[in-house]
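Q: Let me see the structure of the following:
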Amino acid sequence: MSDLKQQIFQELATVEDLAAKLRSVAVNAGKQTDLEVAILTEQVRTLREKNANATEMINQSISILKNLK
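A: Numbers count the residues shown, from 1 in each chain. Predicted coordinates for the structure are as follows:
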């Protein structure tokens, strides 16, 4: 009976350790996701700025071409 209790306690300790590791993995995954979102947000912001600049340059080029006609 004592061996059975000892085995149960060992298995519970193992389960507890695994649960702690899973919590850690979940927290780290959440941090990684937050970092990825921040990076993508910055990339989108940069691309929008570049797109706005490109649109302005195209509009200026069209205006110049119209004046040359």
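Q: Could I get the full set of helices for this structure?
A: Taking DSSP state H to define them, one finds helices in the chain at 2-68.
Q: Could you find the residue nearest the spatial middle of it?
A: With distances taken as Cα atoms, centre = their mean, the residue of the chain nearest its centroid is Glu36 (2.4 Å).
Q: Roughly how far does it sit from Gln43?
A: Noted for Glu36: a distance of 10 Å to Gln43, by Cβ to Cβ, to the nearest Å. C-beta coordinates here come from the backbone N, C-alpha and C atoms, glycine included.
Q: again with Asp17
A: Using Cβ to Cβ, we find Asp17 at a distance of 39 Å from Gln43.
Q: Please apply the same query to Asp34.
A: 15 Å.
Q: Over to Gly30?
A: From Gly30 across to Gln43, the span is 20 Å (Cβ to Cβ).
Q: Output stretch 14-23 as PDB - backbone C-alpha positions only.
A: In PDB, the C-alpha atoms belonging to stretch 14-23 read as follows (Å, rounded to 0.1, in the frame of the first residue of the first chain):
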ATOM      1  CA  THR A  14       5.400  14.600 -12.600                       C
ATOM      2  CA  VAL A  15       2.100  15.900 -13.700                       C
ATOM      3  CA  GLU A  16       2.700  19.100 -11.700                       C
ATOM      4  CA  ASP A  17       6.100  19.600 -13.400                       C
ATOM      5  CA  LEU A  18       4.600  19.100 -16.800                       C
ATOM      6  CA  ALA A  19       1.800  21.500 -16.100                       C
ATOM      7  CA  ALA A  20       4.400  24.100 -15.000                       C
ATOM      8  CA  LYS A  21       6.300  23.600 -18.200                       C
ATOM      9  CA  LEU A  22       3.100  23.900 -20.300                       C
ATOM     10  CA  ARG A  23       2.300  27.200 -18.500                       C
END
